[in-house]
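[1] Provided below are the primary sequence and the corresponding predicted coordinates.
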Number of protein chains: 2
Amino acid sequence: MSLIVTGTIGIDTIHTPSGEVRKDVLGGSAAYFAAAASFYGTVRMVAAVGDDLPSSHMQTLGMFPRIDTGGLEVRKGSKTFRWGGKYAENMDQRDTLFTELGVLIEEPPAVPPEFKDSAFIFLANTAPAVQLQMLEQFPRRVMAVADTMDLWINTARSDLEALIRRVDGLVLNYDEAEMFSGKRNTIRAAKKILELGPKFVVVKKGEHGCLFIHRDGIAAMPAYPAEEVVDPTGAGDTFAGGMMGHIARVSERGLAEVPTSFDVVRRALAHGTVMASFTIESFSLDRLATLTQEQIDRRFDEFVDLTSVS
Amino acid sequence: MSLIVTGTIGIDTIHTPSGEVRKDVLGGSAAYFAAAASFYGTVRMVAAVGDDLPSSHMQTLGMFPRIDTGGLEVRKGSKTFRWGGKYAENMDQRDTLFTELGVLIEEPPAVPPEFKDSAFIFLANTAPAVQLQMLEQFPRRVMAVADTMDLWINTARSDLEALIRRVDGLVLNYDEAEMFSGKRNTIRAAKKILELGPKFVVVKKGEHGCLFIHRDGIAAMPAYPAEEVVDPTGAGDTFAGGMMGHIARVSERGLAEVPTSFDVVRRALAHGTVMASFTIESFSLDRLATLTQEQIDRRFDEFVDLTSVS
């Protein structure tokens, strides 16, 4: 499966509302995305880290045999991206305690020649100019989806618009969709984004699920109702990993004629939702590292059931 | 259909984020509930108003021929309940500008003898002691559901617990469920409430839909994705009206052996969601007053489709 993610590998420090602190755990958009997508097939990863990345974190990535780390650059003398965050009581808001960009302010990682034939591209959140530069390296792409965030809406608007014009789908948070479009209503906000050219927008609402606004229709999906949330970090990237993993899998098996179609992506969102529901049960990739296909299948069936109206 | 609602008829003044003000429009929980439920069959209404209720508001109620206003007391020299509210930009928060309780601090309205055989009881939000007193007047009830709010959680906790022990279902808002139970997680909060005895809890999340926690299962449902929200006032009571209307209808047609069962109530929540989606399109009962069964059916089908995973 020629699915690829470009993004970050990070070292995270997480403060939970209960006062628990986990220092220096493996994180980053590419790590969460790839771990989730690997349950659907091979996933290529392009990211850069410094030589300070603990070997235990490399071993953790190795626990997902279908992650192809051929595009993971370990840079001598550089520092891995670090982030520290503290979650509020209800787990739906967080404060950033610190950000150490490290390799993220250096040259973006190179795409290895053997990855250039990738068909399904996920550009995890980073500067839109870098995302565009990455996108151009995949001339045989079938489908490209980008994630973004408020920072770029405020500081790199024209780059972001250029990016949105060139991708098939955009994934972003609830408040960011409204911020980008100037529309107070999510549906109208997403429709405004569609005017730039993409086929669909996925608006993530955390514990409230997501809205899916596609040229050919609209869908609304709740989150999996979790009784215990240990750490929501990485939920969005895991969601994207399950989504893109499903799309790449069904497409390459010849089960989806048009991978960007409303029906294919809608079902993919349920896969993303299920994968995200596992990630938040533990810190870092801990839950995904012990996850089985049977557990995924069981929760997927449960999710289909609990979202069905009758 | 022996469905009955006990609640308020109010005169509302609504300030929208765009600066628009609607003065003295018809409102109140019983009005919204009954208008919605009347699309499913006859609905009895028990409420009290003063002699200041404009006759135009009585005429509006008359536009819903299946509302039986036999329990609507018009009290000479009394004042109708009045409420003024202002919605925040995103329509999901509101400030109360004023509350004039009027008849609400007098004796509760009497239940007419011919209403005492009611089978399906909805106790709209008011002091839990009054809800309990109402409940006792329906000895032949098949199913009773109550709504409540933060005020009573803080000021009438033991009455509220006594009420919850005696109803089949409780409807309340997201934050209220967590406030009542002391649990930060909605599912755990609702399960804590189930320990008091009811069969189910419906947790309303406004534009994010609802969670349904029943002894026999859990469901999650998004709201209908509305592109324009004119006035969210009454959405919760309309939701309850559609829900109870559906339950009473299928039960009395012999289509639901156990009206309180997971499957029956779950489908009812979709009806509630659809009815609420109409209410918010206009002020007061304006949209419901022009609604047709065909429009309801069409939106219901659309809602089933947009919540389906595949």
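    Yep, it's here.

[2] Which residue, neighbours along the chain excluded, lies closest to the residue nearest in space to the middle of chain A?
    Taking Cα atoms, centre = their mean, the centroid of chain A lies closest to A:D237, which sits 2.4 Å from it. Spatially, and ignoring its direct neighbours in sequence, A:D237 is nearest to A:Y32 (3.7 Å; Cβ to Cβ, 6 or more residues apart in numbering or on different chains). For glycine as for every other residue, the C-beta is placed from the backbone atoms N, C-alpha and C.

[3] before we move on, back to that, for the residue nearest to the centre of chain A, helix, strand, or coil?
    A:D237 falls in the helix class when you classify it by DSSP: H, G, I helix; E, B strand; the rest coil.

[4] packing partners for the host helix or strand of A:T96?
    Secondary structure assignment for A:T96, by DSSP states H and E: strand A:94-100. Under the contact criterion of 3 or more Cβ pairs under 8 Å, 6 or more residues apart in numbering or on different chains; DSSP states H and E, strand A:94-100 touches strand A:10-15, strand A:81-87.

[5] which of these is buried the deepest?
    strand A:10-15 (a mean of 22; mean count of other Cβ atoms under 10 Å in any protein chain shown).

[6] Tell me if it is near chain B.
    No. Strand A:10-15 stays clear of chain B (Cβ under 8 Å from any Cβ of the partner chain), getting no nearer than 15.7 Å.

[7] swap in stretch A:170-189?
    Yes. Applying Cβ under 8 Å from any Cβ, one finds stretch A:170-189 touching chain B at A:E178, A:R184, A:N185, A:T186, A:I187, A:R188.

[8] Just give me how far that stretch sits from the chain centre.
    Relative to its chain's centre, stretch A:170-189 lies at 18 Å (Cα atoms, centre = their mean, to the nearest Å).

[9] Do you have the strands of the stretch 51-200 of chain A handy? List them.
    Assigned by DSSP state E, counting those that start in this stretch, the stretch 51-200 of chain A shows strands spanning A:67-75, A:81-87, A:94-100, A:120-123, A:143-147, A:169-173, A:200-204.

[10] out of these, deepest packed?
    Mean neighbours per residue, mean count of other Cβ under 10 Å, is largest over the strands of the stretch 51-200 of chain A for strand A:120-123, with a mean of 29.

[11] Against which helices or strands is that strand packed?
    Looks like strand A:120-123 contacts strand A:3-6, helix A:128-135, strand A:143-147, helix A:235-252 (3+ Cβ pairs under 8 Å, 6+ apart).

[12] Adding mean pLDDT, write those out as a markdown table.
    Output for these, formatted as a markdown table (pLDDT from 0 to 100):
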| stretch | mean pLDDT |
| --- | --- |
| strand A:3-6 | 98 |
| helix A:128-135 | 96 |
| strand A:143-147 | 98 |
| helix A:235-252 | 97 |
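
[13] closest one to A:T60 among these?
    Proximity to A:T60 (Cβ to Cβ) singles out helix A:235-252 among these, at 14.6 Å.

[14] And A:Q93, what's its pLDDT?
    Per-residue pLDDT puts A:Q93 at 84.
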